[in-house]
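Asker: model this:
(chains A and B, ligands or ions: 1)
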Amino acid sequence: MCLAIPGKVVKIEGNVAIVDYGGIRREARIDFIKDLKVGDYVIVHTGFAIEKLDEKAAMKSIEAWEEIMNLEDGLLEE
Amino acid sequence: MLEKYRDKKVANNILREIFQEAKEIGDEIRLMDVCGTHEDTITRYGIRSLLPKNVKILAGPGCPVCITPVEDIVMMMEIMRREKERMILTTFGDMYRIPTPKGSFADLRSEGYDVRIVYSIYDSYKLALKNKDKIVVHFSPGFETTTAPTAGMLWEALERGVKNFRIYSVHRLTPPAVEYLLRMGTKLDGLITPGHVSTIIGVVGWEHLTEKYGIPQVISGFEPVDVLLSILMLLRMLKDEKAAIENEYTRAVRYEGNTEAQKKIKDIFEVVDAKWRALGVIENSGYKIREKYEEYEIRSYYDIEIPSLPDLERGCRCGEVLRGLILPYECPLFGRVCTPRTPVGPCMVSYEGTCQIFYKYGSLYG
Ligand code: SF4
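Answerer: Now for the predicted structure:
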């Protein structure tokens, strides 16, 4: 029941969006998400979008970690 | 966008760091996840078997369906029996099959009652719009992540004056359950904090636990790299003897959470003491519909006493599994008598139940 998965918004009509999960499309309520646009990613749980996915944060966070780890490796090798 | 979060090389790099930190710490480290979806990632990718020997991951009460009280399921069945064909009951697929000493919703359906499995409370609401001559009741379990949709749907029912839609709220809050475990003496060094609950309640919803109990937390996403990173972040805090709450899942969780959803939950529900199956009553851990909206709570129409029933069949150790005291294979019934096809306890029925997750991914736990 708790498997919340990210999908891409392909259509918005009032409080309902059509969300695409890699080819499978389903309705999702978007009552709790402000300023949603077609093309945004949302995390959907039991048919409700609970949050917008921040792509920039996703990339930034993993890249920051890679950098930290590379830096540390560099220090170790020296 | 999320490829990196499933990337083997990235995962291996993090693992190497984990080994280094764990070695420096030396002592046994006990981390706990309290979310079925985290447990799924951990077990599916065999993360326990990849970790250093001194890093243990416990599984906590991350399954809302497992902890739904027997008495509530039985009460709902009793209400249905009184109303007969005037009522349609909806619930989620795993809730439908949860066993009690008096049977399950699935049994109710085989007796001829109109019980339906839905994916969302929205499906249930639409059913109410289509069947104006019936009362449609959604038996509604779940933590904050599911309580928000319920609140949203009830709000719309209210606004549109939909009179034949009701719920049976067995919604629960997660932080009080973690606090309960800490108070009951489950030994924990760090918490892998559930990411999706946190999208709703925010980092702020968990801070008090770190302040009060000095326990480090990392709010974690659900890809394997998310979980590994969170473990690493916890180890680093432990090594530095730092007790803070950090957010690994920044792509979805904001400090303040989803305030829109919080507002709806607060409008509709009040927080009350509530029972958790196999755990007992936990202070301020349940969501009850506020009195001014009680026409939407099916219970408010009946005066039914359900005598207290045993939570579990004899031999089922689900209570200890939920407290993180044992892992499923330490239950003698696991995999022998108790399987997903012949479940003895609720932890084997729900796909968020630790026993079912361990059974499904079989050999991968370490
Ligand atoms: S394996 Fe079955 S009997 Fe044992 S604790 Fe889990 S649900 Fe209960």
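
Asker: Flag every residue of the stretch 251-366 of chain B that's near the ligand.
Answerer: Counting by C-beta under 6 Å from any ligand atom, the stretch 251-366 of chain B comes close to the ligand at B:316-318, B:321, B:328, B:331, B:333-334, B:338, B:344-345, B:347-348, B:355. Glycine gets a C-beta too; all of them are placed from N, C-alpha and C.

Asker: dump the residue contacts of the residue nearest to B:Arg290 when sequence neighbours are not counted.
Answerer: Excluding the flanking residues, the one nearest B:Arg290 by C-beta to C-beta, 6 or more residues apart in numbering or on different chains is B:Glu270, at 5.3 Å. Shown in contact with B:Glu270 (C-beta atoms under 8 Å, 6 or more residues apart in numbering or on different chains): B:287-290.

Asker: count of neighbours near the residue of the stretch 251-366 of chain B found nearest chain A?
Answerer: Residue nearest to chain A within the stretch 251-366 of chain B: B:Arg251 (3.9 Å; C-beta to the nearest C-beta). Neighbourhood size, B:Arg251 [other C-beta atoms under 10 Å in any protein chain shown]: 27.

Asker: Confirm it sits in a helix?
Answerer: No: read with DSSP: H, G, I helix; E, B strand; the rest coil, B:Arg251 is coil and lies in no helix.

Asker: List the contacts of it.
Answerer: By C-beta under 8 Å, 6+ apart, the neighbours of B:Arg251 are A:53-55, A:57-58, A:61, B:221.

Asker: what about 10 Å?
Answerer: For B:Arg251, the contact set (C-beta atoms under 10 Å, 6 or more residues apart in numbering or on different chains) comprises A:6, A:41, A:43, A:51-62, B:1-2, B:5, B:195, B:221, B:226.

Asker: tally of neighbours for residue 39?
Answerer: I went with chain A, as the question did not name one. Residues near A:Gly39, counting by other C-beta under 10 Å: 8.

Asker: Oops, wrong one, chain B.
Answerer: Using other C-beta under 10 Å, B:Glu39 has 24 other residues around it.

Asker: cool, B:Arg314 as well?
Answerer: For B:Arg314, the neighbour count with other C-beta under 10 Å is 7.

Asker: could the residues of the stretch 251-366 of chain B next to the ligand be laid out in CSV, adding neighbour count and pLDDT?
Answerer: Output for those, formatted as CSV (neighbours: other C-beta atoms under 10 Å in any protein chain shown; pLDDT from 0 to 100):
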residue, neighbour count, pLDDT
B:Cys316, 25, 96
B:Arg317, 23, 96
B:Cys318, 28, 95
B:Val321, 30, 93
B:Pro328, 26, 94
B:Cys331, 24, 95
B:Leu333, 20, 95
B:Phe334, 23, 95
B:Cys338, 26, 94
B:Val344, 22, 93
B:Gly345, 28, 94
B:Cys347, 35, 95
B:Met348, 29, 94
B:Cys355, 32, 95
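
Asker: Return the member of those residues nearest to A:Asp31.
Answerer: When those are compared for distance to A:Asp31 (C-beta to C-beta), B:Cys347 wins out at 32.3 Å.

Asker: The closest residue to chain A within the stretch 1-150 of chain B and B:Ile88, how far apart?
Answerer: Closest approach between the stretch 1-150 of chain B and chain A, counting by C-beta to the nearest C-beta: B:Ser120, at 2.4 Å. Look at B:Ser120 and B:Ile88: by C-beta to C-beta, to the nearest Å, they are 15 Å apart.

Asker: What's the separation between the residue nearest to B:Arg116 when sequence neighbours are not counted and A:Arg26?
Answerer: Leaving aside its sequence neighbours, B:Arg116 sits nearest to B:Thr90 (C-beta to C-beta, 6+ apart; 5.0 Å). B:Thr90 sits 17 Å away from A:Arg26, going by C-beta to C-beta.

Asker: Look up the closest residue to the spatially most central residue of chain A, ignoring the ones flanking it.
Answerer: Residue closest to the mean C-alpha point of chain A, counted by C-alpha atoms, centre = their mean, is A:Leu53 at 3.0 Å. Nearest residue to A:Leu53, sequence neighbours excluded (C-beta to C-beta, 6+ apart): A:Tyr41, at 3.8 Å.

Asker: got it, and A:Val38?
Answerer: Spatial nearest neighbour of A:Val38, excluding adjacent residues (C-beta to C-beta, 6+ apart): A:Val9 at 5.5 Å.

Asker: Could you verify my assumption that that neighbour touches A:Glu27?
Answerer: No: taking contacts as C-beta atoms under 10 Å, A:Val9 lies outside contact range of A:Glu27: 11.3 Å.
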